[in-house]
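Chemist: I'd like to go over a predicted model; first the sequence, then the structure.
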Amino acid sequence: MKLLVALGNPGDEYRDTRHNVGWWLADRLVTVWALPPFRPDDGAAASRGEVRGRAVRLLKPLTYVNRSGDVFRDRGLPREFEPEHDLLVLVDDVDLEPGRMRVRARGSAGGHRGLRSVEAALETQEYGRLRIGVGRPGDVGVDVDLASWVLAPPSDAEEERILATFDRAVDAVECWLDEGVEEAMNRFN
């Protein structure tokens, strides 16, 4: 089974924020792959099905970004589950400008509390992640703290650039499914 975990915050007040772009991409994947809609499942919204001949499960943890790792503690993962091969986390990244994405096979959380929570739960930094750029406030001449920035909606122009990356992001996820994270990095970074 391949597991995709999209980081974001539950609730209408967060739905359209920068911190939820991972959820936006998960919604796109469910639509493109014609999977069942997300349904509540033990602390997460979940969808599952077969994609490209593989069993795939998509999760949107409902614990808020900073406690995203709880989704791994709250459910039993199959014994054969190997995060370095079987997990891809979909996450916002302030260090990438809107309209950019990057696939990584491992690495630090880079200050992202959701990734920090995932790493603590898995006890490893060895798992795939697809980072979706949302930019920093200083990049657009805005003077706000980072927490306020990621918890606010992007401008219309930023949102357009973010959404424009999603076709390429779907291709990167499908490459990850078929050939692994290293090949996805080589082709899409």
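Modeler: Right, received. Where do you want to start?

Chemist: please make it C-alpha for all contacts and neighbour counts, starting now.
Modeler: OK.

Chemist: which elements pack onto the one helix or strand in the chain whose mean pLDDT sits lowest?
Modeler: In the chain, the helix or strand scored least confidently by mean pLDDT, DSSP states H and E is helix 70-73, which has a mean of 86. Counting contacts by 3 or more CA pairs under 8 Å, 6 or more residues apart in numbering; DSSP states H and E, helix 70-73 is packed against helix 113-122.

Chemist: any buried residues in the helix it packs on, and which?
Modeler: Within helix 113-122, the residues that qualify as buried are 114, 115, 116, 117, 118, 119, 121, 122, counting by 16 or more other CA atoms under 10 Å.

Chemist: so what does that helix touch, helix or strand wise?
Modeler: helix 70-73.

Chemist: returning to that earlier point: tell me what the next helix or strand along the chain from the least confident helix or strand of the chain is packed against?
Modeler: Counting by DSSP states H and E, the next helix or strand C-terminal to helix 70-73 is helix 83-86. Helix 83-86 sits against strand 128-133, with contacts defined as 3+ CA pairs under 8 Å, 6+ apart.

Chemist: pull the distance from the helix or strand that comes right after the strand it packs on to the chain's centre.
Modeler: Tracing the chain past strand 128-133, the next element assigned as helix or strand by DSSP H and E is helix 146-150. Distance, stretch centre to chain centre, for helix 146-150: 17 Å (CA atoms, centre = their mean, to the nearest Å).

Chemist: ok, and what's touching helix 146-150?
Modeler: Identification of contacts with helix 146-150 by CA atoms under 8 Å, 6 or more residues apart in numbering yields 17, 18, 19, 134, 136, 137.

Chemist: now do the SS call for the third one.
Modeler: The local conformation at residue 19, judged by DSSP: H, G, I helix; E, B strand; the rest coil, is helix.

Chemist: so for the nearest residue to it once chain neighbours are set aside, what's the pLDDT?
Modeler: In this structure, residue 19 finds its nearest non-sequential neighbour in residue 150, 5.1 Å apart by CA to CA, 6 or more residues apart in numbering. Residue 150 carries a pLDDT score of 94 in this model.

Chemist: what does residue 88 give?
Modeler: So residue 88 comes in at 97 (pLDDT).
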